[in-house]
Structure formats: C-alpha cells, structure tokens
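> Pasting the sequence and the predicted model now:
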Amino acid sequence: MMFFKKKTEKKTYDKENKKPVIKASICNGEQVAGFRDVHTGTFEEVMLIRDSEDLFRFKNEYGITEDIEKIY
C-alpha cells in the first residue's frame, strides 16, 4: 500500500475587495485567519491558526506572499 502526499489546492479570494488578516483574541490568544472586507469591515473566518505551520498553509493555499495584518 502506497501513501501519497495530499496535493494542496490553490484557492482564490477577491483581492480588490478583501484583505487577508489574522483575528487574534486578547483574552486567550486564539488566532483565526480569514479575510476582511475593505469596504464594510466584516470578517470572514477561514481557518484556526494554532502554530506557524497553520499560518504557512493558509498563505500557501491562497497564494499570499506579503505579511498579514493582525487585528484584535
């Protein structure tokens, strides 16, 4: 039986209207990666960030190369 590494699927987002951000809780330090609408400020959760590997996976899935802003 052979095991294959799961291929990472590239996902897209509306780069004109949405900005990638990490929403962090000041109470318990929980971090959630997602996208904030630049016009309304609404936040769309995508995935929980537990460590730097999760952050790398989020950036890789969506093709994000720049630093991600952290909001509280």
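That came in fine, so what should we check first? Numbers count the residues shown, from 1 in each chain.
> pLDDT weak spots in the chain?
1-9 (pLDDT under 70).
> can you give me the helices in it?
52-62 (DSSP state H).
> how about the strands of it, start to end?
For the chain, applying DSSP state E gives strands covering 18-24, 31-37, 43-49, 69-71.
> Any chance of CSV for the ones you listed, columns distance to residue 61 and mean neighbour count?
(Each C-beta comes from the backbone N, C-alpha and C, glycine too.) Below are those laid out as CSV (distance: least, Cβ to Cβ, whole Å; neighbours: other Cβ atoms under 10 Å):
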stretch, distance to residue 61, mean neighbour count
strand 18-24, 11, 17
strand 31-37, 10, 18
strand 43-49, 9, 14
strand 69-71, 18, 11
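> residues contacting residue 45?
23, 32-34 (Cβ atoms under 8 Å, 6 or more residues apart in numbering).
> Kindly report the same for residue 31.
22-25, 48-50, 70.
> was I right about residue 26 contacting residue 72?
Yes - Residue 26 is within contact range of residue 72, at 5.3 Å (criterion: Cβ atoms under 8 Å).
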